[in-house]
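# Give me the fold of what follows.
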Amino acid sequence: MYDLKTKETDNSVIEFIEKVAHPKKQEDAYRLLDIFTETTGYEAKMWGPSIIGFGSYHYKYESGHEGDAPFVGFSPRKAKISLYLAQGDPEREEMLEQLGKHMTGKACVYINKVADIDVGVLKTLITKSIAYFNETYSDQ
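This next block holds a predicted model:
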């Protein structure tokens, strides 16, 4: 049986941010904490050792794999800041074009710093991500 690695923990979000080595990245982490908390209305929780997540939903795939995940989140990683936003939203790509300087991976949006992006667009992406997950997984 597959064991989900990224689970909600009781670890302190503030203690995690305080351990971020680079002062500017730590400052951005606090800024993102404010943005995500204000936008979602959810309390920040640690998911696994390094993801700060907001809210949660339960998913179940056709394969039978299921689990819980945060609606949205971020992680101030050493190289870049990872933003965790819904991938399935049909307007995502168009909105990302308006976000500002970023890169996308398979599941994440990567930014160097908050000053590189349009915070209003990020807030919209956060709100739309939560709506997408609520709609997609509402019957589970």
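# just so I have it, where are all the helices in this structure?
Under the criterion DSSP state H, the chain carries helices at the ranges 13-18, 23-40, 92-99, 119-136.
# Nearest to Ala79, out of those?
Nearest to Ala79 among those is helix 23-40; the distance by Cβ to Cβ comes to 9.9 Å. In this view, the C-beta of every residue, glycine as well, is placed from N, C-alpha and C.
# mean confidence for that closest one?
Helix 23-40 shows a mean pLDDT of 97.
# returning to what we had before: can you add distance to Glu62 and mean neighbour count and give the helices of the chain back as JSON lines?
Converted to JSON lines, the helices of the chain look like this (distance: least, Cβ to Cβ, whole Å; neighbours: other Cβ atoms under 10 Å):
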{"stretch": "helix 13-18", "distance to Glu62": "34", "mean neighbour count": "14"}
{"stretch": "helix 23-40", "distance to Glu62": "28", "mean neighbour count": "17"}
{"stretch": "helix 92-99", "distance to Glu62": "22", "mean neighbour count": "14"}
{"stretch": "helix 119-136", "distance to Glu62": "13", "mean neighbour count": "18"}
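# can I get those in TSV with distance to Pro76?
As requested, these are arranged in TSV below (distance: least, Cβ to Cβ, whole Å):
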stretch	distance to Pro76
helix 13-18	7
helix 23-40	4
helix 92-99	18
helix 119-136	15
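# Indicate which one of these is closest to Val72.
helix 119-136 (4.9 Å).
# returning to what we had before: wait, which of the helices of the chain is closest to Ser50?
For Ser50, the closest of those is helix 13-18, at 7.3 Å, according to Cβ to Cβ.
# just checking, what packs against the closest one?
helix 23-40, strand 44-47, strand 51-54 (3 or more Cβ pairs under 8 Å, 6 or more residues apart in numbering; DSSP states H and E).
# now do 7 Å
Applying 3 or more Cβ pairs under 7 Å, 6 or more residues apart in numbering; DSSP states H and E, we find helix 13-18 packed against helix 23-40, strand 44-47.
# To Arg77, which of those lies closest?
Per Cβ to Cβ, nearest to Arg77 of those: helix 23-40, 8.6 Å.
# what comes up buried for the lowest-mean-pLDDT helix or strand in the chain?
Within the chain, no helix or strand scores below strand 57-60, which has a mean of 84 by mean pLDDT, DSSP states H and E. Buried residues in strand 57-60, defined by neighbour count with 16 or more other Cβ atoms under 10 Å: Tyr57.
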